[in-house]
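Participant: sequence first, predicted model second:
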Amino acid sequence: MAKRKLDRDALNSKLIRRPIQRCFPLFLLPTFAAFCIGFLYPFGKGLFLSFCNFKTTSKWTWAGLANYVKAFQDSSFLYSFGFTALYALVSLVIINVLAFAVAYALTRGIKGSNLFRTVFFMPNLIGGIVLGYIWSMIFDGILSRYGTSILLNTKYGFLGLVILVGWQQIGYMMIIYIAGLNAVPEDMLEAAKIDGANAWTTLWKITIPNVMPSITICTFLTLTNSFKLYDQNLALTEGRPFKGAIHTTEMLALNIVNSNTIKTRGVGQAKAVLFFVLVAAIGVMQLVATRKKEVQQ
């Protein structure tokens, strides 16, 4: 005990800590410089350009709030927001419920669980563009028997996006839930069993409260990924079918990219800023709401 205390005092001594405190800016500087160049400067420049009309980033004219007014007046942007919100809500429920169910089943000690984990995780390794084109062929092959296509029906386009992204992300969320389930204290499970609690009661009263940190992470990732979805949307439906200016399966990210033409780049940049604020606000509110329910072990 005395030796351990001596080692701790030696590590906290001024002779050791002073050189570290003196040199830490040297090690911090490269990372901070990369962060400023790769994130802070582009973000600040984009925020400034959202108040301007421009064709290139070096040639701009001040427009004030006009771009934001035009963004809110754009019916396609408002429609895309509603479509994306509905998609995010449906995906949030389906992905997390199925991922938790699969994780719970694979932690019950079944044979070949490691193989199943690998198989379920593999779709996450495939790029969104590739998945979009593969699933578009699958859906069109099925729907062609009924004389329609995923590009001709908004309902099928919506369901196709939910199925595609769910198939891709359930395996990833499953891994996070497995980590949370493996961290549930065994003594609590044994105490519940001794007290006569059945499997359903143990799940709701013991397991789920202790897995809340994993639920927080998976809910955050699912929500933000749903609102940021772009490549799968582009490859699967490209926003089709079209009804005038409204692209009925166009999500927010794709709408912003389509709005970023030479004549409307300022409006597109304003939409991008609104998009950032929206996703950040939803993410923060979700984190605050779910962390309050986490159990302190």
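Facilitator: Sure thing, it's come through.

Participant: and Lys5, what pLDDT?
Facilitator: pLDDT for Lys5: 51.

Participant: now Ala192
Facilitator: pLDDT recorded at Ala192 is 83.

Participant: now it: closest residue in space, sequence neighbours ignored.
Facilitator: Counting by Cβ to Cβ, 6 or more residues apart in numbering, Ala192 lies nearest to Thr202, which is 4.8 Å off, once chain neighbours are set aside. Quick note: C-beta positions are derived from backbone N, CA and C, even for glycine.

Participant: number of nearby residues for the one you found?
Facilitator: Per other Cβ atoms under 10 Å, the neighbour tally for Thr202 reads 18.

Participant: so, low pLDDT: which residues of the stretch 101-250 of the chain?
Facilitator: The model of the stretch 101-250 of the chain has no residue with pLDDT under 70.

Participant: point to the residue nearest the middle of this structure.
Facilitator: Note on the chain: the residue nearest the mean C-alpha position is Asn225, at 2.6 Å, using Cα atoms, centre = their mean.

Participant: how about that one, what does it touch?
Facilitator: Residues in contact with Asn225 (Cβ atoms under 8 Å, 6 or more residues apart in numbering) are 165, 169.

Participant: mind doing that once more with 10 Å?
Facilitator: By Cβ atoms under 10 Å, 6 or more residues apart in numbering, the contact set of Asn225 is 88, 91-92, 95, 165, 168-169, 172, 279.

Participant: list the buried ones in the one helix or strand it maps to?
Facilitator: Per DSSP states H and E, Asn225 falls inside helix 212-228. For helix 212-228, the buried set under the neighbour-count rule, 16 or more other Cβ atoms under 10 Å, comprises 212-227.

Participant: next structured bit after it?
Facilitator: helix 231-236.

Participant: helix or strand next in line after that following helix, which one?
Facilitator: Counting by DSSP H and E, the next helix or strand C-terminal to helix 231-236 is strand 242-243.

Participant: give the partner strands of that following strand in its sheet and their orientations.
Facilitator: strand 246-247 (antiparallel) (DSSP bridges).

Participant: ok, residues contacting the strand it pairs with?
Facilitator: Applying Cβ under 10 Å, 6+ apart, the contact partners of strand 246-247 are 75-76, 78-80, 83, 154, 157, 233, 237-241, 254-255, 258.

Participant: give me the neighbour count for the closest residue to Thr201 other than its chain neighbours.
Facilitator: Closest residue in space to Thr201, ignoring its immediate chain neighbours: Ala192 at 7.4 Å, by Cβ to Cβ, 6+ apart. Neighbourhood size, Ala192 [other Cβ under 10 Å]: 18.

Participant: ranges for the strands of the stretch 51-200 of the chain?
Facilitator: In the stretch 51-200 of the chain, strands defined by DSSP state E, counting those that start in this stretch lie at 52-56, 59-62, listed in chain order.

Participant: let me know which of these is tucked in deepest.
Facilitator: Of the strands of the stretch 51-200 of the chain, the one with the most neighbours on average (mean count of other Cβ atoms under 10 Å) is strand 52-56, at a mean of 14.

Participant: relative to Lys70, how far out is Leu49?
Facilitator: Counting by Cβ to Cβ, to the nearest Å, the gap from Leu49 to Lys70 is 14 Å.

Participant: quick one: contacts for the closest residue in space to Phe139 that isn't next to it in sequence?
Facilitator: Distances taken as Cβ to Cβ, 6+ apart place Ile150 nearest to Phe139, at 4.4 Å, with adjacent residues excluded. Contacts for Ile150 (Cβ under 10 Å, 6+ apart) come out as 135-140, 142-144, 156-161, 236-237, 240-241, 249.
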